[in-house]
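Student: What would the 3D arrangement of this be:
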Amino acid sequence: MKTTILYGKESLHINVPDHSVIIEPHHLEGLKDEKQAVMNALRQPIGLPPLRELVKATDQIAIVISDITRPTPNDKLIPWIIEELPHVPLDNYVIINGTGTHRDQTREEFVQMLGEWVVDHIRVINHHCHHQDELVKVGHSEFGCDAYLNKAYVEADFRIVTGFIEPHFFAGFSGGPKGIVPGIAGIETILTFHNARMIGDPLSTWGNMVNNPLQDMTREINRMCKPDFMLNVTLNSRKEITQVFAGELFEAHDAGCAFTKEHAMIRCDRRFDVVITSNSGYPLDQNLYQAVKGMSAAHKIVKEGGTIICAAECSDGLPNHGNYAEILQMRKTPQEILDMINDRSFKMFDQWQVQKQAVIQVWADVYVYSTLGDEDVRMAMFKPTRDIENTLEQLKAKYGEEMTVAVLPLGPLTIPYVEESREGAAILKIYHLNNAARLVQYPVEGK
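Tutor: Modelled structure (predicted):
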């Protein structure tokens, strides 16, 4: 049968065995009037008075956005926020691009993310986690580090964070307080937030918000210098807004996570020999570093010794910025990489993504279908494939003609799980959501 998975700005059509299991979240249509839904949320927020009543004309306003690796529709959200605050002069705003440890965005990318009018009329800056003069200490975290945040954010009179809520492979869910930590945190804070102990904790996993150390740490530091207002959305596979969550940071984010959990987490009764996944298409699949998320979703349901095939365009390469590629070259095998990162003396930003990747690679083989050169894929200890259908045929020699296959067309927008799996079984029993999502065992064309 033929199925379609998200890939780059288009889709990828592949033939898979007829007995394959297609796993996708319950489809939600985009809101009929996105602008009105956002305006209603700004005027009737969760746990707060209307946004317009909270902001004075004299306030200096900082709006934190997610960077270009996230599909948050800030080209819509930011103009609508500004429209809702007509009494505030445009000179009073600063938009802070929450890069975390990622690279700066260019003006052209800011236009893509925010629209030309915003870039021409509002001050927009990149966050720099390594620049101490652009950071302010707001306290000390019980997790063992000083808490540093972006100076322009801390010194603002009114602080707003926007974002996109989806399941996250170690923070439980994205959005909300993650926009601040790690989004606009200092490197010392980020390194603690992503250290081997935090990332390796079994409670640091998809969909879990209970005693998740990463959620606990980001919320702790957010309380030290809290956003005054949150505006987050959920999206469907077409990147259309499906729901809006605005208001008090924690209440609104909790509501958004509960909404996402209802349709994104799907129980499976077994693991599979082969799992084919995407990384949800552009912008999430623009580099191999980000594609680890799609692999991590597949890892939840692939057998030990099984195979993951990940389709991610990687238009931005490995990428060639950050330490991801460098760390991968420090050892020869995934297990050696894990041993190195788990050594308490090792500390290097981007180690968290390599750690997650190595855990997956120790468990299963991983093929990558992308625009990358084969040598780049092999350097990352993956196996390149130029033809997914041909790779499936070859894998029958390993697993037999009755090879079991699952497909995650939307990648990490769908979080499957097996209750009896060795990772987080007790946690996952909380989320018996198979009645709210779909486990499709028939061709998806023409639905």
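Student: Surely Glu134 is in contact with Asn150?
Tutor: Yes - Glu134 lies in contact with Asn150 (C-beta atoms under 8 Å); the separation is 6.5 Å. C-beta coordinates here come from the backbone N, C-alpha and C atoms, glycine included.
Student: Next, show the common contact partners of these two.
Tutor: His127 (C-beta atoms under 8 Å, 6 or more residues apart in numbering).
Student: Between these two, point out the one with more neighbours.
Tutor: Set side by side, Glu134 and Asn150 show more neighbours around Asn150, with 30 against 17, by other C-beta atoms under 10 Å.
Student: Next one: the residue lying closest to that one once chain neighbours are set aside relative to Ile221, how far apart?
Tutor: Counting by C-beta to C-beta, 6 or more residues apart in numbering, Ile184 is the residue found nearest to Asn150 once chain neighbours are left out, at 3.9 Å. Note on Ile184: its distance to Ile221, by C-beta to C-beta, to the nearest Å, is 11 Å.
Student: what about those two, which has more around it?
Tutor: More crowded of Ile184 and Ile221, by other C-beta under 10 Å: Ile184, with 30 against 25.
Student: just to revisit the earlier point, mutual contacts of Ile184 and Ile221, please.
Tutor: Counting by C-beta under 8 Å, 6+ apart, the residues touching both Ile184 and Ile221 are Leu149.
Student: thinking again about what came up before, state the phi and psi torsions of the residue nearest to Asn150.
Tutor: phi -130, psi 30 (degrees, to the nearest 10).
Student: Enumerate every residue touching it.
Tutor: Ile184 neighbours (C-beta under 8 Å, 6+ apart): Val64, Ile96, Gly98, Gly100, His127, Leu149, Asn150, Tyr153.
Student: What of Pro89?
Tutor: Counting by C-beta under 8 Å, 6+ apart, Pro89 has contacts Ala57.
Student: Tell me what Ala246 is bridged to.
Tutor: Leu231 (DSSP bridges).
Student: can you tell me how far it sits from Val302?
Tutor: From Ala246 to Val302 the distance is 38 Å (C-beta to C-beta).
Student: So the two - more neighbours on which side?
Tutor: Ala246 (30 against 25).
Student: where exactly do the strands run in the stretch 151-300 of the chain?
Tutor: 158-164, 167-168, 172-173, 229-235, 241-247, 265-268, 272-278 (DSSP state E, counting those that start in this stretch).
Student: so which of the ones you listed gets nearest Leu408?
Tutor: Proximity to Leu408 (C-beta to C-beta) singles out strand 272-278 among these, at 4.2 Å.
Student: so who does the closest residue to Gly139 other than its chain neighbours touch?
Tutor: Among residues not flanking Gly139 along the chain, Met224 sits closest, at 4.1 Å (C-beta to C-beta, 6+ apart). By C-beta under 8 Å, 6+ apart, Met224 lies in contact with Val138, Gly139, Ala147.
Student: Among the contacts of Ile184, which lie within helices?
Tutor: Tyr153 (DSSP state H).
Student: now, which of the contacts of Ile184 sits nearest Leu77?
Tutor: Using C-beta to C-beta, the contacts of Ile184 come closest to Leu77 at Val64, 11.7 Å.
Student: Please report how far the closest one lies from Arg267.
Tutor: Val64 is 35 Å from Arg267, by C-beta to C-beta.
Student: sorry, back to before: state the pLDDT value of the residue nearest to Asn150.
Tutor: Ile184 is assigned a predicted lDDT (pLDDT) of 98.
Student: who's in contact with the spatially closest residue to Arg159 that is not a sequence neighbour?
Tutor: The shortest distance from Arg159 to any non-neighbouring residue, by C-beta to C-beta, 6+ apart, is to Pro227 (4.7 Å). The neighbours of Pro227, taking C-beta under 8 Å, 6+ apart as the test, are Val64, Arg159, Ile160, Val161, Gly179, Ile180, Leu249.
Student: measure the nearest residue to Val233 once chain neighbours are set aside to Leu235 for me?
Tutor: Excluding the flanking residues, the one nearest Val233 by C-beta to C-beta, 6+ apart is Ile241, at 4.9 Å. Computed as C-beta to C-beta, the Ile241 to Leu235 distance reads 6 Å.
Student: Find the residues that touch each one of the two.
Tutor: With C-beta under 8 Å, 6+ apart as the test, Ile241 and Leu235 both reach Pro73.
Student: how close does the residue nearest to Gly139 sit to Trp117?
Tutor: For Met224 relative to Trp117 (C-beta to C-beta), the value is 34 Å.
Student: just to revisit the earlier point, so which of the strands of the stretch 151-300 of the chain is the most packed in?
Tutor: strand 272-278 (a mean of 28; mean count of other C-beta atoms under 10 Å).
Student: and that one, C-alpha only, in PDB?
Tutor: Presented in PDB, the C-alpha positions along strand 272-278 are these (Å, rounded to 0.1, in the frame of the first residue of the first chain):
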ATOM      1  CA  PHE A 272       7.900  -3.600  15.400                       C
ATOM      2  CA  ASP A 273      10.900  -4.900  13.400                       C
ATOM      3  CA  VAL A 274      11.000  -1.700  11.300                       C
ATOM      4  CA  VAL A 275       9.600   1.800  12.100                       C
ATOM      5  CA  ILE A 276       9.600   4.400   9.300                       C
ATOM      6  CA  THR A 277       9.400   8.000  10.600                       C
ATOM      7  CA  SER A 278       9.600  11.600   9.400                       C
END
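Student: Extract the C-alpha set from stretch 209-229 and format it as PDB.
Tutor: The C-alpha trace of stretch 209-229 is given here as PDB (Å, rounded to 0.1, in the frame of the first residue of the first chain):
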ATOM      1  CA  MET A 209       5.100  16.300  33.200                       C
ATOM      2  CA  VAL A 210       5.200  14.500  36.600                       C
ATOM      3  CA  ASN A 211       8.600  14.700  38.400                       C
ATOM      4  CA  ASN A 212      10.200  15.400  35.000                       C
ATOM      5  CA  PRO A 213      13.500  17.100  36.100                       C
ATOM      6  CA  LEU A 214      13.600  19.200  32.900                       C
ATOM      7  CA  GLN A 215      10.100  20.600  33.400                       C
ATOM      8  CA  ASP A 216      10.800  21.100  37.100                       C
ATOM      9  CA  MET A 217      14.000  23.100  36.400                       C
ATOM     10  CA  THR A 218      12.500  25.200  33.600                       C
ATOM     11  CA  ARG A 219       9.500  26.100  35.800                       C
ATOM     12  CA  GLU A 220      11.700  26.800  38.800                       C
ATOM     13  CA  ILE A 221      13.800  29.400  36.800                       C
ATOM     14  CA  ASN A 222      10.700  30.800  35.100                       C
ATOM     15  CA  ARG A 223       9.300  31.600  38.600                       C
ATOM     16  CA  MET A 224      12.500  33.700  39.200                       C
ATOM     17  CA  CYS A 225      11.600  36.000  36.400                       C
ATOM     18  CA  LYS A 226       8.200  34.900  35.100                       C
ATOM     19  CA  PRO A 227       6.600  35.900  31.800                       C
ATOM     20  CA  ASP A 228       3.600  38.100  32.500                       C
ATOM     21  CA  PHE A 229       1.600  36.500  29.700                       C
END
